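Chemist: Below are the sequence and a predicted model for it; my questions follow.
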Amino acid sequence: MTSTTDYSPTDELRRRMTGCWMGKAVGGTLGQTFEGQEGPLGATFYTPVPTEMEPNDDLDLQVLWAVLMDQLDDVRVDRRVMEYGWLNHVEFPWNEYGVGIRNLRDGVVAPLSGSHDNWYTCGEGAAIRTEIWACLAAGDPQLAAEYAYEDASVDHAGDGLNAALFLASVQAAAFVESNPDTLLEIGLAAIPAESRLARAVSDTRAWVAEGLHWQDVRSRILESHGSVDFTDVRQNTAFLVLGWLAGNDFAERILICNNCGKDTDSSTASLGSILGILDPDSIGEEWLAPIGRTLVLSPEITGITPPATLDDFTELVLSVRERLAGSPARPGEAVGTNAPPVVSARVGFTNFLDRHRIDNRFMLGPRDSEPPLDGTEQVVVLDGTWHRMRHADFLDDVVVLRYDLVLERDQFVRVMFNTPEQCWVALDGAFVFGRETGALGEPASMFPALHAPPLNQYVDRELSAGHHTLTALVRRPVMGRDAEWVLGVGDQKSGMWLNGAVGQARV
């Protein structure tokens, strides 16, 4: 393996790096139309055909990191630079992004900011922004993985972080190695062999090697590694590997990946970038002409002057790479307290047996008053806004939770209480939403994102400054399954979490 210090910024490096960004833009633009769809899909080209590249957070954040590093007198890869970027230049409320920003604002810094109270630790958000680390460490997969860790640890943990290390390693090695199996082995060497991500990649390779049709492999991926979260990195990385190995050229490969569904813009963009590094000329002009070379960023990236074109972005990254000169990551001094805020609730239990207390019909629709408890209510410190309760810890049919919500000013807010179980939720004593599970107790959908929560799991409401009470009744799940829920309070317009809004319960 050639080291990054031996790989000088020649015209060939420039060509491959530009191919990386072009493949990224093609895949991201193709996939955005289909994001979140289950599949299998039947796309054969862009739908609709664009007139420029679609802005995509996959590329937006990498541009931001490059601009911020370029502004440093002493160029370095440092998680503190990324933390600064999240807090000062990013207004994305989505999934792990919103949680990571909330944690940073609370003084919880990386790597704890990526794991604390984060339902989306295994989302795609870090895996999709690895190309910059591969370009800065072209030919040196270990260094690329080291760089990617600094970035991913801010808003991910577990396989969400592993996926970033895996892809950064593959992409960095692709500058000097072309065999897909060798590249996948290099990527797997960067992550724990026992991880679910490693198993998903290895299983996909084996199923493709059996000669199965890509749709049959897709079905096996979903059966073994699927998730209710369409952004889950295990299934989407497996789709990337499937498209890469099952296709015969650039177009067929990105279309197979895209047509697997789920987080299509992310998986397809990541595959496009790998293929662009390996062979920039493999990207047909029919794919390049509609998107052009102008660099288009999302409006949620603020306060920077980005390069005008993808070619200019390549030049910026080459300049940062030259100044970085292959130096290792240097995590700076933490500026936060790293002490997560305490979240607590008054917790009690009730049941469906005594008709004077509650019956099953209470959970099926609005009621004017909350049910009485059985005398077990007490203040309990919870895991965070995301809490899991074991089936064995239910002392009765229904757990009753009373949270104290605190607003600093009058505000139009979104209050979300997302659980896969049957629930009934009231705000300041008045019913606001609730839902049933399936007929046999099958869990309902779980996607605790303030910008796009599931139906019947949130309310938008103008609330006054001061204290409010949210009461949630959660029915005990069927035997063999534990309960979980996420409570979120955010700005209704932006979808961003409101720090300090979910406080300690008042006795």
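Modeler: That came through, no problem. Fair warning: this is a prediction, and the values are worked out from it, not measured in the lab.
Chemist: Which parts of the chain are strands?
Modeler: 344-350, 378-381, 386-389, 398-407, 411-418, 423-427, 430-435, 458-463, 466-475, 483-491 (DSSP state E).
Chemist: ok, the second one: who's next to it in the sheet?
Modeler: The strands that strand 378-381 pairs with in its sheet are strand 344-350 (antiparallel) (by DSSP bridges).
Chemist: Give me the domain ranges for the chain.
Modeler: The record's domain parsing of the chain by automatic domain parsing lists 21-324, 344-491.
Chemist: of all those, which lies closest to Arg506?
Modeler: domain 344-491 (5.2 Å; CB to CB). Just so you know, the C-beta spots here come from the backbone N, C-alpha and C atoms, and that holds for glycine as well.
Chemist: top helix in this protein by residue count?
Modeler: helix 11-32 (DSSP state H).
Chemist: Buried residues, that one. List them.
Modeler: 13, 16-32 (16 or more other CB atoms under 10 Å).
Chemist: now stretch 38-47
Modeler: 39, 41, 43, 46.
Chemist: Low-confidence stretches in the protein?
Modeler: The model of the chain has pLDDT under 70 over residues 1-9, 352-369, 371-375, 438-440, 507.
Chemist: Just give me the residue closest to the centre of it.
Modeler: Closest to where the C-alpha atoms of the chain average out (CA atoms, centre = their mean) is Gly123, at 3.2 Å.
Chemist: Run through the residues that contact that residue.
Modeler: 95-96, 156, 160, 229, 231-233 (CB atoms under 8 Å, 6 or more residues apart in numbering).
Chemist: Spatially, which two of the residues you listed are the most separated?
Modeler: His156 and Asp229 (13.2 Å).
Chemist: quick one, which of the two is more surrounded?
Modeler: Set His156 next to Asp229 and count neighbours by other CB atoms under 10 Å: His156 wins out with 32 against 22.
Chemist: Can you list the buried residues in stretch 270-289?
Modeler: For stretch 270-289, by 16+ other CB under 10 Å, it's 270-278, 280, 283, 287.
Chemist: Equivalent analysis for stretch 479-499, please.
Modeler: Quick answer for stretch 479-499 (16+ other CB under 10 Å): 483-492, 495-499.
Chemist: Out of those, flag the one nearest to Arg402.
Modeler: Leu487 (11.3 Å).
Chemist: thinking the closest one is in contact with Gly503, fair?
Modeler: No: here Leu487 does not reach Gly503: they are 11.2 Å apart, not a contact under CB atoms under 8 Å.
Chemist: how deep is Gln378 tucked in, by neighbour count?
Modeler: Neighbour number of Gln378 under other CB under 10 Å is 11.
Chemist: Restricting to C-alpha, output stretch 486-495 in CSV.
Modeler: Extracted C-alpha coordinates of stretch 486-495, given in CSV (Å, rounded to 0.1, in the frame of the first residue of the first chain):
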residue,chain,number,x,y,z
VAL,A,486,-38.2,9.7,22.8
LEU,A,487,-39.5,13.0,24.0
GLY,A,488,-38.5,16.0,22.0
VAL,A,489,-39.3,19.7,22.1
GLY,A,490,-38.2,21.9,19.3
ASP,A,491,-38.7,25.1,17.3
GLN,A,492,-41.7,24.3,15.1
LYS,A,493,-40.3,26.2,12.1
SER,A,494,-36.7,25.1,12.0
GLY,A,495,-37.1,21.6,13.6
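Chemist: Which residues does that stretch contact?
Modeler: In contact with stretch 486-495 (CB under 8 Å, 6+ apart) are residues 91, 93-94, 98, 119, 385-387, 403, 405, 411-419, 448-453, 460, 470, 472, 496-498, 501-502.
Chemist: before we move on, what about stretch 35-45?
Modeler: Contacts for stretch 35-45 (CB under 8 Å, 6+ apart): 30, 33-34, 215, 218, 230, 255, 258-266, 286.
Chemist: redo that, cut-off 7 Å
Modeler: 34, 215, 218, 230, 255, 258-265 (CB atoms under 7 Å, 6 or more residues apart in numbering).
Chemist: I'm done for today, thanks for sticking with me.
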